[in-house]
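Asks: sequence and predicted structure, then a few things I'm wondering about:
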Amino acid sequence: MSAPTWDPQQYLRHADHRTRPFADLLARVQGAPARIADLGCGAGNVTALLAERWPKARITGYDNSPQMLEKAAAHATDLLDFAPADAATWTPGEPFDLIVSNALLQWVPGHTGRFPEWLAGLTPFGTFAFQVPGNFDAPSHVLMRELAQSARWRDRLGDTLRHADAVHTPEQYLNELTALGCHADVWETTYLHLLQGEDPVLDWVKGTGLRPVLTALADDPGATDAFLTAYRALLRTAYPATPHGTVFPFRRLFAVARKPADA
């Protein structure tokens, strides 16, 4: 799967719903970190929340999308900056009190293999906190994969999308983090987002999960329209509109791991 091209404006269309899991993650982070890394900062809107929570901290947001970093630059201050980096290879170049990642690791194959280096870059009692979507077996993703692997699209899109193993179970994350000597708090939550507008689930996934398809078909507007038309019909059945909006259940996995002083 090649790296998708990101559209910050599309991603931010559901910013309120997308931001809530990050706020829930931060609520479990203790202390007052002085040096923070936001790995996969995206458009910078959640990185700005870090600055609100810890206004004296020096914060760097890292991302591998030029489009996202350009948008994030609007949030920069004397204590908050942004830099290009790929989580698949990023290693802390200095000690951090907090390394946080919001809805990124599902894009990084083998991401648990990066945990030892990231934890090594933490100060004693430092914290590694992350949140990932756990909805790869939800209709929004299953239907997308099935359509991409159908006879019409298999040759162009068959290996484009992530599979259900893009993230691990909460138990696996707990085991990985405790095996590395951390005190770990791992949990999951299913949010019931009530989305508004026409085809809101399609609008949501256009900002995230559908990006690989939109990138692969970017040079063929006719094919893009054909795929979206078929996918839209499937989503309307899977997520029917109600008089009050469209209910979009979204499971998320969370982990807050604290490094011991003698690690």
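Replies: Good, I have the coordinates.
Asks: restricting to C-alpha, output the lengthiest helix in the chain in CSV.
Replies: When the chain is parsed with DSSP state H, its longest helix is helix 221-238. Output in CSV follows, covering the C-alpha atoms of helix 221-238 (Å, rounded to 0.1, in the frame of the first residue of the first chain):
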residue,chain,number,x,y,z
PRO,A,221,-12.2,11.0,-12.4
GLY,A,222,-14.6,8.6,-14.1
ALA,A,223,-13.3,5.7,-12.1
THR,A,224,-13.4,7.7,-8.9
ASP,A,225,-17.0,8.6,-9.5
ALA,A,226,-17.9,5.0,-10.4
PHE,A,227,-16.3,3.7,-7.2
LEU,A,228,-17.9,6.3,-5.0
THR,A,229,-21.3,5.7,-6.5
ALA,A,230,-21.1,2.0,-5.7
TYR,A,231,-19.7,2.5,-2.3
ARG,A,232,-22.2,5.2,-1.5
ALA,A,233,-25.1,2.8,-2.1
LEU,A,234,-23.6,0.2,0.2
LEU,A,235,-23.1,2.7,3.0
ARG,A,236,-26.6,4.0,2.7
THR,A,237,-27.9,0.5,3.4
ALA,A,238,-25.3,-0.2,6.2
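Asks: just the buried residues of that helix, please?
Replies: 223, 227, 228, 231, 234, 235 (16 or more other CB atoms under 10 Å). For glycine as for every other residue, the C-beta is placed from the backbone atoms N, C-alpha and C.
Asks: between these, which is closest to residue 75?
Replies: Nearest to residue 75 among the buried residues of helix 221-238: residue 228, at 31.3 Å, using CB to CB.
Asks: spatially central, which residue of the protein would that be?
Replies: Nearest to the geometric centre of the chain sits residue 103, at 1.6 Å (CA atoms, centre = their mean).
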